[in-house]
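# Fold the following and give me the result.
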Amino acid sequence: MKTFSFVAALALAMLSSTSLAATTTTGGVCYDPAHVNSVTEATISADFQTIKEKGFDLVRTYVTTYGTADMATLAIAQGLNVTLGVPFDNDDPSATANYVTAAISAGALSNGSASVVQIFIGNENLASVDTVPAISGLADLFTACDVVGVNIQPVFTANTAAADAITLVSNQWTELQGSDTESRFPGLADKLAITETGWPSAGSSDGNTGSVTGAEQFYSDYMTWAAENLNGTRSHYFQMFDLPSRTDTVFEAHFGICDEDGNEKFTL
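Okay, the predicted model is just below:
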C-alpha cells in the first residue's frame, strides 16, 4: 500500500501558481456554493460570512466565477483570504481561458490583509495514461509551479476507521515529503499543500463508515496535526457545507462540517 498511497496522492495533484503572499492562522476550508437550491451572489456572500464567523480566514473555491458572481471579490469583501480555483475544461478551452483571465484580475484584489493567496488550476484531473502522453512533462510543470496541491481522502482507503484516519493522512504526507519524491521531482516536497481532506458524517462503503462522531473526531485530529505540520495557507479542510446533490459516491453528499442549511454538525 505504500507505493499506491504515493502514486494516488500525486495523481490527485492540482497544479497551482501562487499569486500573492499572505498569512493565515487557521488554515482553510473548501467551499462549493451549490448546497442551496438557487445560488445567487447573495447566497454566496452569506456563505462567506458564515465561513468567517466559524473561525476560518482562508477559503478554497473550485471556480473563479459562479454565473455572474466573482468568487474572490465576494470572499475578500468578507475578510477572507482565498485559494482560488480555475476549472480546467478540455471540452471548452475558451471557458478555461475566461476563468484564467478572471483569476489574474482577482490577484489584484485586497481588503485589509485579505487577498488571493494562491491560484489552483483544475482539481483531480485524472485520465488514463493512454490519453495523457504529456504526463512525461510533469517534472517541468511542477518546476513552473509555486505550489502543488494533493487531495488526501482517508475514507477512500478501504477499512479505515475514523479514529485511525489521521494516521493515514500523516503517513501519506510524510511519504510525499520523503526521498522518493525528491528523487523523482526535485524541490517538489517543499511546494506541496493539502487541498482536500475530510471525513463524512454518513455513508458506508469498503469497510468505512461515515458518522457525525467520526467526522468530529477526524476534524479535531486533523486541525491539531495541521497546526503542527503545515503552514496555514497549505491546509484546506473538505468541506464547509453538505452537498445533497452529490450522488457519485455514498460519501460525497456528507463531507460538510455544516449541513446544507449551515447548521454545525458538531462544535467547531
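
# In contact with Gly207, which residues?
Listed by CB atoms under 8 Å, 6 or more residues apart in numbering, the contact partners of Gly207 are Ala158, Asn159, Thr160. C-beta coordinates here come from the backbone N, C-alpha and C atoms, glycine included.

# Give me the buried entries from those residues.
Those of the contacts of Gly207 that meet the buried threshold are Thr160, by 16 or more other CB atoms under 10 Å.

# Okay, and which of the contacts of Gly207 map to helices?
Judged by DSSP state H, the subset of the contacts of Gly207 located in helices is empty.

# quick check, nearest of the contacts of Gly207 to Val148?
The shortest gap between Val148 and any of those belongs to Thr160, at 24.4 Å (CB to CB).

# what residues are up against that closest one?
If a contact means CB under 8 Å, 6+ apart, then Thr160 has Pro154, Leu168, Gly207, Asn208 as its contacts.

# and if you look at Asn229?
By CB under 8 Å, 6+ apart, the contact set of Asn229 is Ser170, Trp173.

# Need phi/psi at it.
Geometry field for Asn229 lists phi and psi as phi -120, psi -10, criterion degrees, to the nearest 10.

# Could you tell me which of the contacts of Thr160 count as buried?
If you count burial by 16+ other CB under 10 Å, the buried members of the contacts of Thr160 come out as Pro154, Leu168, Asn208.

# quick check, nearest of the residues you listed to Phe185?
For the buried ones among the contacts of Thr160, with Phe185 as the reference and CB to CB as the criterion, the closest is Leu168, at 22.3 Å.

# element containing the closest one?
If you go by DSSP states H and E, Leu168 is part of helix 165-176.

# Okay, buried residues for that helix please.
Counting neighbours by 16+ other CB under 10 Å, the buried set in helix 165-176 is Ala165, Ile166, Leu168, Val169, Ser170, Gln172, Trp173, Glu175, Leu176.

# could those residues go into a markdown table alongside pLDDT and distance to Ile121?
Below are the buried residues of helix 165-176 laid out as a markdown table (pLDDT from 0 to 100; distance: CB to CB, whole Å):
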| residue | pLDDT | distance to Ile121 |
| --- | --- | --- |
| Ala165 | 98 | 28 |
| Ile166 | 98 | 29 |
| Leu168 | 98 | 27 |
| Val169 | 98 | 24 |
| Ser170 | 98 | 27 |
| Gln172 | 96 | 22 |
| Trp173 | 97 | 22 |
| Glu175 | 95 | 24 |
| Leu176 | 95 | 19 |
